[in-house]
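> Next comes the sequence, and after it the predicted model I'd like to discuss.
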Amino acid sequence: MDDIIVIGAGPIGAAAAQHASRLGMKIRIIGPNEAPRATHQVWSSHYDQGRLAHRSARNVELARWALESMERYRDIEQRSGIDFYRACGTLSLSTSLETFSYTRMRADLEAALEFSYTDYPIGTVSGRFPMLATDIPYAGVFDGPPSGIINPRRMVAAHLILAVQNGAQLERDIVTTVTPDASRVTVQTIDGKTFQAARAIIAAGAYSGLSGLLPSPVPHTVKSETVTLAELSQAQAETLIDMPSMMVDCADEILSDAYLTPPIIYPDGKWYLKLGSNSIHDCFFDTPAALQQWIRGGDVAATHSAQIALIRSLFVGIDWLSFQALPCVITRTPSGVPQITKVHDRVATMVGCNGSLAKSSDAIGRVLVETVLA
Ligand SMILES: Cc1cc2nc3c(=O)[nH]c(=O)nc-3n(C[C@H](O)[C@H](O)[C@H](O)COP(=O)(O)OP(=O)(O)OC[C@H]3O[C@@H](n4cnc5c(N)ncnc54)[C@H](O)[C@@H]3O)c2cc1C
């Protein structure tokens, strides 16, 4: 019997397994390898090359978790031999910085985390960030290094390497049932295996709820998210080398809460700048089958067009080579912040990435382990 089974080998599960494995316990982590969209059984919120990492957050605790995680990136890179982090800073753009959801907490965040944002009034942003158009209708707030970007796939790989080095067992499988009782938790998988542990952590992203893995419910929704990859040449990507990651409180009829990564090289060998956002066309899923249909070929056309227009309006002098849209998924809680909670005496979970927790997965993994052991 294991001490802890972690269900889900994404950012949160991998980080939790890494923390638990340092406690000298018998740890098993169960989750599938990434499968192609067309044939996947379970998808993930992190199958991508870039995620923003920044201190801006909806409350001080979330900002502390982000900073705690960022401060450990270099150590994790060094010990795993996998690099995944670039400290390029994060620029938040808004027509009215006072109402921008992430920075309206700024005074509290600056005091608690002992840093200062740098302000750029409307009309001055492109002076500091010359890749941006001079006529953008936005002011900017810059959160400098250690904020920047991470590669979530590589970060997960780094966590898993460290967990396995510490003795954790990694099972490439999909969990079908989680059954806790007074003395143990029994976990069954799609490959017909049964595992037992004293405790379990459920970190299966959208599927924790959709697949009925939670022993008791945690209120949340599973929402579509659309991103656009804008292809550019390597030479033009290099001209954007100093671009920070960005969040845009966009003045748009279709889109809201946009975010961008600087150009990144993708597995197909091409360079893409990525923009994602909320959209009035977003939809919600109640079953794994509905989510599967969306991931395999959801209707992204209207959101994609608006995202292309936003990309074109923000940058100057770039010859975009192609645009492609990708259907993605996030989970949301009513409060907008993640719920880390015990769903049974022996089972803890984190629900509600709210589209922003890859960067903080190291700290959240730590808190999940503390929660399940408490
Ligand atoms: C388009 C987009 C942009 C985002 N941008 C940012 C950003 O800029 N910054 C940021 O910090 N965060 C961002 N996020 C959010 C971030 O990606 C998530 O917070 C993070 O991926 C959540 O990690 P997770 O481990 O909870 O879930 P996931 O990443 O979904 O991982 C869950 C894992 O569980 C596995 N799994 C599912 N079902 C089962 C099962 N039954 N048995 C076993 N394993 C299972 C899956 O295979 C997956 O690997 C973004 C998300 C999206 C979709």
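Arrived safely, thanks for sending.

> any idea how far the nearest residue to Gly50 once chain neighbours are set aside lies from Thr90?
In this structure, Gly50 finds its nearest non-sequential neighbour in Thr261, 3.7 Å apart by C-beta to C-beta, 6 or more residues apart in numbering. Yep, even glycine has a C-beta here, placed from its N, CA and C like the rest. Remark: distance between Thr261 and Thr90 (C-beta to C-beta, to the nearest Å) = 10 Å.

> got it, and Val300?
As for Val300, its distance to Thr90 is 25 Å (criterion: C-beta to C-beta).

> before we move on, back to that, common neighbours of Thr261 and Thr90, please.
Contact criterion C-beta atoms under 8 Å, 6 or more residues apart in numbering; residues bridging Thr261 and Thr90 by contacting each: Leu52, Ser245.

> contacting residues around the residue nearest to Val175 when sequence neighbours are not counted?
Once flanking residues are discounted, Val175 sits nearest to Ile7: 4.8 Å by C-beta to C-beta, 6+ apart. Ile7 sits next to 13, 30-31, 175, 178, 187, 200-204, 208, 213 when contact means C-beta under 8 Å, 6+ apart.

> Mind checking the pLDDT average for stretch 209-227?
For stretch 209-227, the mean per-residue pLDDT is 97.

> Could you tell me the end-to-end distance of it?
End-to-end distance of stretch 209-227 (C-alpha to C-alpha, to the nearest Å): 24 Å.

> quick one: Arg74 and Arg86 touch, right?
No - with contacts counted by C-beta atoms under 8 Å, Arg74 stays clear of Arg86, the gap being 11.4 Å.

> how's the chain carved up into domains?
Per automatic domain parsing, the structural domains of the chain span 2-54+59-67+152-219+334-373, 87-150+221-332.

> just so I have it, where are all the helices in the stretch 201-350 of the chain?
In chain order, the stretch 201-350 of the chain shows helices spanning 207-210, 234-239, 288-297, 301-314, with DSSP state H, counting those that start in this stretch as the criterion.

> Which strands or helices does the first one pack on?
Counting contacts by 3 or more C-beta pairs under 8 Å, 6 or more residues apart in numbering; DSSP states H and E, helix 207-210 is packed against helix 288-297, strand 347-351.

> I'd like these laid out as CSV, including mean pLDDT and mean neighbour count.
CSV is the format used below for the helices and strands packed on helix 207-210 (pLDDT from 0 to 100; neighbours: other C-beta atoms under 10 Å):
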stretch, mean pLDDT, mean neighbour count
helix 288-297, 97, 16
strand 347-351, 97, 27
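
> ok so, going back, could you export the domains of the chain as JSON lines, including distance to the ligand?
Putting the domains of the chain into JSON lines (distance: least, C-beta to the nearest ligand atom, whole Å) gives the following:
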{"stretch": "domain 2-54+59-67+152-219+334-373", "distance to the ligand": "2"}
{"stretch": "domain 87-150+221-332", "distance to the ligand": "4"}
